[in-house]
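[1] Got a sequence here, can you build the structure:
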Amino acid sequence: MDNLYTYIQLGIDHILNTKGYDHILFIIALTVLYSLKEWKTLLILVTAFTIGHSLTLALSVLNIVSINSNRIEFLIVLSIAATAIMNIIRAGKTPSHNGLKAYYVLALFFGFIHGMGFANYLRAILGKSGEIITPLLGFNIGLEIGQLIIVAVLLIITLLLDILFKVRKQNFIVIASSIILGITIPMLLEHEWKTFF
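    Predicted coordinates for the structure are as follows:
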């Protein structure tokens, strides 16, 4: 598994894998506030998340940073729930410049958390391999491509709902975020608390 393409494909497969749907839920929660005409703002937001997870993915794979995987799984689900709640609160409101900056910082911070979750998967694939630059680069590129696929699909769905059914954006945000919250709350409640501490 030495070539770059293999790791790009692994990154795409990992982010789009429905078994690990928590990352898909997060990308949807992160981007549901935005429409196609706001693509620049959305691109900056997704890039902030990418920068965050790329940094911690590298630090984790290099064994510079290490956090209990059970804690990371809990924090990933918590980040999804927190983003969904913020969406419900913000639905229909035009964010101020400072509000957007805060969202970018939050996306970066949540990216740090998700990067550690990605690292567990990548470390398992690497095993005892000494070469990490190509796998790290390829996996990050694959994750970014996968994220952009999710964002593109969501923007197309939003556009179709608006054109075909005249669904108000505010209603779509509240419904989608409520569904995401409904999925994550049981995940938080079922978490193995004894292994968290």
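[2] Quick check: residue 113 vs residue 79, distance?
    6 Å (CB to CB, to the nearest Å). All C-beta spots, glycine's among them, are computed from the backbone N, C-alpha and C.
[3] out of those two, which sits in the more crowded spot?
    residue 79 (25 against 21; other CB atoms under 10 Å).
[4] For the protein, just list every one of the helices.
    4-16, 21-31, 39-61, 69-90, 97-126, 133-165, 169-189, 193-196 (DSSP state H).
[5] Format those helices as a markdown table; extra columns: mean pLDDT.
    Output for the helices of the chain, formatted as a markdown table (pLDDT from 0 to 100):
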| stretch | mean pLDDT |
| --- | --- |
| helix 4-16 | 94 |
| helix 21-31 | 93 |
| helix 39-61 | 91 |
| helix 69-90 | 92 |
| helix 97-126 | 87 |
| helix 133-165 | 94 |
| helix 169-189 | 95 |
| helix 193-196 | 56 |
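[6] Of those, flag the one that's most buried.
    Of all these, helix 21-31 carries the top mean neighbour count, a mean of 22, counting by mean count of other CB atoms under 10 Å.
[7] between that one and helix 4-16, how many degrees?
    Using axes from the mean of the first three to the mean of the last three CA atoms, to 10 degrees, the inter-axis angle of helix 21-31 relative to helix 4-16 is 80 degrees.
[8] Could the C-alpha coordinates of helix 21-31 be exported in CSV?
    The C-alpha trace of helix 21-31 is given here as CSV (Å, rounded to 0.1, in the frame of the first residue of the first chain):
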residue,chain,number,x,y,z
TYR,A,21,-21.7,7.7,9.7
ASP,A,22,-20.7,10.0,12.5
HIS,A,23,-18.3,11.9,10.2
ILE,A,24,-21.0,12.2,7.5
LEU,A,25,-23.5,13.5,10.1
PHE,A,26,-20.9,16.1,11.2
ILE,A,27,-20.2,17.3,7.7
ILE,A,28,-24.0,17.6,7.1
ALA,A,29,-24.5,19.5,10.4
LEU,A,30,-21.6,21.8,9.6
THR,A,31,-22.8,22.7,6.1
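[9] could you give the angle of it to helix 169-189?
    Going by the same axes, to 10 degrees, helix 21-31 makes 150 degrees with helix 169-189.
[10] what angle do helix 21-31 and helix 133-165 make?
    60 degrees.
[11] tell me what helix 21-31 is packed against?
    helix 4-16, helix 39-61, helix 69-90, helix 97-126, helix 133-165, helix 169-189 (3 or more CB pairs under 8 Å, 6 or more residues apart in numbering; DSSP states H and E).
[12] at 6 Å instead, please
    helix 69-90, helix 133-165 (3 or more CB pairs under 6 Å, 6 or more residues apart in numbering; DSSP states H and E).
[13] and the nearest residue to residue 105 once chain neighbours are set aside, what does it touch?
    Leaving out its chain neighbours, the residue that sits closest to residue 105 by CB to CB, 6 or more residues apart in numbering is residue 48, at 7.7 Å. Shown in contact with residue 48 (CB atoms under 6 Å, 6 or more residues apart in numbering): 104, 107, 108.
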